[in-house]
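Visitor: what shape does this take:
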Amino acid sequence: AGLLENLRMTVTSTIVGFLSKTFGDQRALLIGAGMDFVGLCIFIAVGIGAPLLAGLGLFLSSLGSGTWGTLNNSIISANTAQENQGTMLGIANSAGLVGRVGGPIVVGLLFDLIGPSAPFILCAAMLLFVVARAWLAWRAIAGSTPPAPAA
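Guide: Below is the predicted model:
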């Protein structure tokens with residue numbers, strides 16, 4: 001597990017760094033959330049009947065999740081006054097922890113009551129909502145698109 005975790009962290013940090021420098025944090029966050037969404041959709045579409053495609057979907061989802069999760073904290077920190085950064089990052093971390101505790105309960109019930117694809121469909125729907133909401137917020141703030149990367 002240690003080797004795989006180190007590999008995941010190296011790949012994710014390389015991708016996050018590249019996307020952030022190339023597109024800026026906000027656009028890179030949208031790209032990461034989009035990768036997560038597409039990966040979940042691939043997994044949902046093929047299920048376990050096509051293990052290589054299912055693995056590709058989960059791999060893409062994992063990379064996307066690591067990307068947008070990392071950038072989310074970066075954006076919060078960059079857009080919060082220094083004296084409030086600890087509070088805001090603490091709130092974001094608390095929300096994540098609530099999801100890590102309540103999420104398994106909810107998806108376990110969905111899995112049991114509806115079927116094995118239900119948790120993935122819920123996650124994909126939530127990601128679609130987050131991407132759409134973030135895009136609309138950035139359009140309202142920036143006028144038309146998320147900000148370009150700093151030169």
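Visitor: what segments of this protein are helices?
Guide: Under the criterion DSSP state H, helices of the chain are mapped to 2-23, 25-46, 51-78, 85-113, 118-142.
Visitor: of these, flag the one that's most buried.
Guide: For those, average neighbour numbers computed from mean count of other C-beta atoms under 10 Å are highest in helix 25-46, which has a mean of 21. From N, CA and C alone the C-beta is placed, and that goes for glycine too.
Visitor: that one - contacts with which helices or strands?
Guide: Contact analysis of helix 25-46 by 3 or more C-beta pairs under 8 Å, 6 or more residues apart in numbering; DSSP states H and E lists helix 2-23, helix 51-78, helix 118-142 as its packing neighbours.
Visitor: that helix vs helix 2-23, what angle?
Guide: What separates the directions of helix 25-46 and helix 2-23 is an angle of 130 degrees, with axes from the mean of the first three to the mean of the last three C-alpha atoms, to 10 degrees.
Visitor: and helix 25-46, average pLDDT?
Guide: With pLDDT averaged residue by residue, helix 25-46 scores 90.
Visitor: okay, the residue nearest to the spatial centre of the chain: pLDDT?
Guide: What sits nearest the mean C-alpha location of the chain, by C-alpha atoms, centre = their mean, is S65, with 3.3 Å. Here, the pLDDT recorded for S65 equals 87.
Visitor: got a list of what it touches?
Guide: 32, 36 (C-beta atoms under 8 Å, 6 or more residues apart in numbering).
Visitor: swap in the one 3 residues further on?
Guide: W68 sits next to 29-30, 32-33, 36 when contact means C-beta under 8 Å, 6+ apart.
Visitor: skip the chain neighbours and tell me the closest residue to it.
Guide: In space, not counting the residues next to it along the chain, W68 is nearest to G32; the distance is 3.5 Å by C-beta to C-beta, 6 or more residues apart in numbering.
Visitor: perfect, that will be all.
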